[in-house]
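next comes the sequence, and after it the predicted model I'd like to discuss.
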Amino acid sequence: MNYELLGLCINGVLTLITLGIAVTGLVQALAAKESNATAKTAAEFAEKALKTTERADILLDGAQINLPMSNVFDGHSWVGLQFKNFGRTRANSVKFDCTLVFPGMPDQAAPELPEMVVAAGDTPTVSFDRFIQFMNLETFTKVVRMQIPLHFIAKVSYDDVFGNHHSSYAKGSLKDPVRRLFSVDETRAD
């Protein structure tokens, strides 16, 4: 028997086995790297989904003309804008910027509210001054008769519990003074 040939064959087989083990290790390393990348992508997706579904979401929930004790729509009435946190967590550093707009008169800003926290489900209201405080009788009469349009613009900015900043915007018009109804003509939110 040729021991030299046998030795070469054994060395060749061992070399092939070693090469096979190296290739297997390389394949496993590449698979582990891909698995890590997939896990990272899944974790990022899960975090984004959490922040989207659990965040605060403050939107305009209603606009109305509020009546004084006399229960009559007159100069002592005022506009109230109700907001709601439709999200599942609180909103921090909430700021409201609301304005009444009508032709021929300066815009009327709502009294400024202090920066606040709005819990999930809470419904803060921004109330404007009574009409008599910034509008003369002639202008008020024209608004009630729909001869002058009355619009509101409502902006809200806030931070969610994850530290992300958000805002919403709504614009509306008085559509039915008899029933004191507004329509919401435009909304935007991030």
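That came through fine.

pull the number of nearby residues for residue 106.
Neighbours of residue 106 under the rule other Cβ atoms under 10 Å: 9. Where you see a C-beta, it was placed from the backbone N, CA and C, and this is true even at glycine.

5 is where my numbering starts, stick with that
With the count now opening at 5, the last piece we talked about shows up as residue 110.

host element of it?
Per DSSP states H and E: residue 110 is located in neither a helix nor a strand.

quick one, grab the pLDDT at residue 50.
Note for residue 50: predicted pLDDT of 65.

what do you get for the one 5 residues further on?
Per-residue confidence (pLDDT) for residue 55: 73.

just grab the bridge partners of residue 66 for me.
residue 86 (DSSP bridges).

for it, give its distance to residue 129.
As judged by Cβ to Cβ, to the nearest Å, residue 66 and residue 129 stand 9 Å apart.

same deal with residue 137?
18 Å.

neighbour count winner among those two?
When residue 137 and residue 129 are compared for neighbours, residue 129 comes out ahead with 14 against 11, by other Cβ under 10 Å.

gap between that one and residue 54?
Per Cβ to Cβ, residue 129 is found 30 Å from residue 54.

ok, now residue 118?
30 Å.

more neighbours: which of those two?
Between residue 118 and residue 54, residue 54 has the larger neighbour count (other Cβ under 10 Å), namely 11 against 6.

secondary structure element holding the more buried one?
helix 7-58.

distance from the chain centre to that helix, please.
With Cα atoms, centre = their mean, to the nearest Å as the basis, helix 7-58 stands 43 Å off its chain's centre.

no further questions, thank you.
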